[in-house]
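Asks: mind folding the following:
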Amino acid sequence: MYKIDYHTHAKFSFDSVAEYEDSFAAAKAKGIDDIIFTEHCECNLKSATPPGVPERPIFDHEDYWNYIKKLRDTSGLDFGIGLEIGQSTQNPERAASILASHEWDFIIGSLHNMKDEYDFSQLNYRERDVNKTFKRYLMELYEIAEKNDFCVLGHIYYPLRYIKAQGIDLDYKKYEADLADVFRCVIKNGKGIEININSKGYNGSKEDREFHLRYVKIFRELGGEIITTGSDGHTPEAVGQNISDATEILKEAGFRYIPKYRKMKPIFEKI
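Replies: Residues are numbered from 1 along each chain as shown. Okay, here's the model as predicted:
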């Protein structure tokens, strides 16, 4: 089984202090065949946090590139250098500048906060219409899919993590037609999605497994071919978590190959 972890964070992300060598070693110890670091790069340049919550520093992509490129060149470690580009449609000029600045291996396109809103992790869903919120999220996610400046679209159901954490039941199946529209746009542009198997959204239960399997099958039935797996790990201990389960879900959905990315190009490896 060929296993990849293409959604990981270390010390250049605002929410991690992990050392790259430690995360790489942890991935290898868990049988991960290839890892790409994807540090947070929030393009909207705003702190998506409410008053009283520390502001997030602006990501310095030049410092990150210089540090991790030197590490890869001098350490002999084999890993990819990537980014998780957040909210590229909210500042397309900054997104384009960063993406063109270096020869990245892999880009995740994500939506962590809607226009003029706080991060989904900071919202009080008991005081919101969660159905309107989720509908609007998918509409903005479609805009990112149309912009087409990524390799895969990240954590498709991101807001659902926090809606569920606040004890609110959202029938995500009602939005599968909207999700299918996003998938069609991604597929048309020759790009993909990820299985984000983060512990905040996956606990190994039958229910969680069926949740991931359901949208992966929809993607495949629409003609999707590019799909990656990511732990969303922010510590060495979390890197590689649940990747075996995610790979099994891919196989059950009918996928036989998984892409290995270098220089933004996928080379398909047999699972």
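Asks: pull the number of nearby residues for the residue lying closest to Asn124 once chain neighbours are set aside.
Replies: Take Asn124 and drop its neighbours on the chain: the residue closest to it by CB to CB, 6 or more residues apart in numbering is Gln166, 7.6 Å away. Every residue, glycine included, has its C-beta placed from N, CA and C. Residues within reach of Gln166, counting by other CB atoms under 10 Å, total 11.
Asks: alpha carbons only: can I get stretch 172-181 in CSV?
Replies: This file holds the C-alpha atoms of stretch 172-181, laid out as CSV (Å, rounded to 0.1, in the frame of the first residue of the first chain):
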residue,chain,number,x,y,z
TYR,A,172,-24.7,17.6,5.0
LYS,A,173,-26.4,15.3,2.5
LYS,A,174,-28.8,18.1,1.6
TYR,A,175,-25.8,19.9,0.0
GLU,A,176,-24.5,17.1,-2.2
ALA,A,177,-25.8,18.7,-5.4
ASP,A,178,-23.8,21.9,-4.5
LEU,A,179,-20.8,19.8,-3.7
ALA,A,180,-21.1,18.0,-7.0
ASP,A,181,-21.0,21.3,-8.8
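Asks: now do the buried residues in it.
Replies: Neighbour-count burial for stretch 172-181, counted by 16 or more other CB atoms under 10 Å, picks out 172, 175, 178-179, 181.
Asks: also stretch 63-74?
Replies: Going by neighbour count (16+ other CB under 10 Å), the buried part of stretch 63-74 is 64-65, 68, 71-72.
Asks: export the buried residues of stretch 172-181 as JSON lines, with columns for distance to Ile32.
Replies: As requested, the buried residues of stretch 172-181 are exported to JSON lines (distance: CB to CB, whole Å):
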{"residue": "Tyr172", "distance to Ile32": "29"}
{"residue": "Tyr175", "distance to Ile32": "32"}
{"residue": "Asp178", "distance to Ile32": "33"}
{"residue": "Leu179", "distance to Ile32": "28"}
{"residue": "Asp181", "distance to Ile32": "33"}
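Asks: would you turn those into JSON lines with distance to Thr229, pLDDT and secondary structure?
Replies: Output for the buried residues of stretch 172-181, formatted as JSON lines (distance: CB to CB, whole Å; pLDDT from 0 to 100; DSSP: H, G, I helix; E, B strand; the rest coil):
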{"residue": "Tyr172", "distance to Thr229": "20", "pLDDT": "94", "secondary structure": "helix"}
{"residue": "Tyr175", "distance to Thr229": "23", "pLDDT": "97", "secondary structure": "helix"}
{"residue": "Asp178", "distance to Thr229": "24", "pLDDT": "98", "secondary structure": "helix"}
{"residue": "Leu179", "distance to Thr229": "19", "pLDDT": "98", "secondary structure": "helix"}
{"residue": "Asp181", "distance to Thr229": "24", "pLDDT": "98", "secondary structure": "helix"}
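Asks: now, which of the buried residues of stretch 63-74 lie within helices?
Replies: 64-65, 68, 71-72 (DSSP state H).
Asks: quick check: mean pLDDT across the longest helix along the chain?
Replies: Selection of the longest helix in the chain by residue count, based on DSSP H, yields helix 130-147. In this model, helix 130-147 carries a mean pLDDT of 98.
Asks: buried residues in it?
Replies: Within helix 130-147, judged by 16+ other CB under 10 Å, the buried ones are 130, 133-134, 137-138, 140-142, 144-145, 147.
Asks: ok, and what's touching that helix?
Replies: Applying CB atoms under 8 Å, 6 or more residues apart in numbering, the contact partners of helix 130-147 are 88-89, 92, 109-111, 114-115, 120, 123, 125, 150, 153, 156, 158-160, 163, 168, 170, 172, 174-175, 178-179, 181-182, 185-186, 189, 191.
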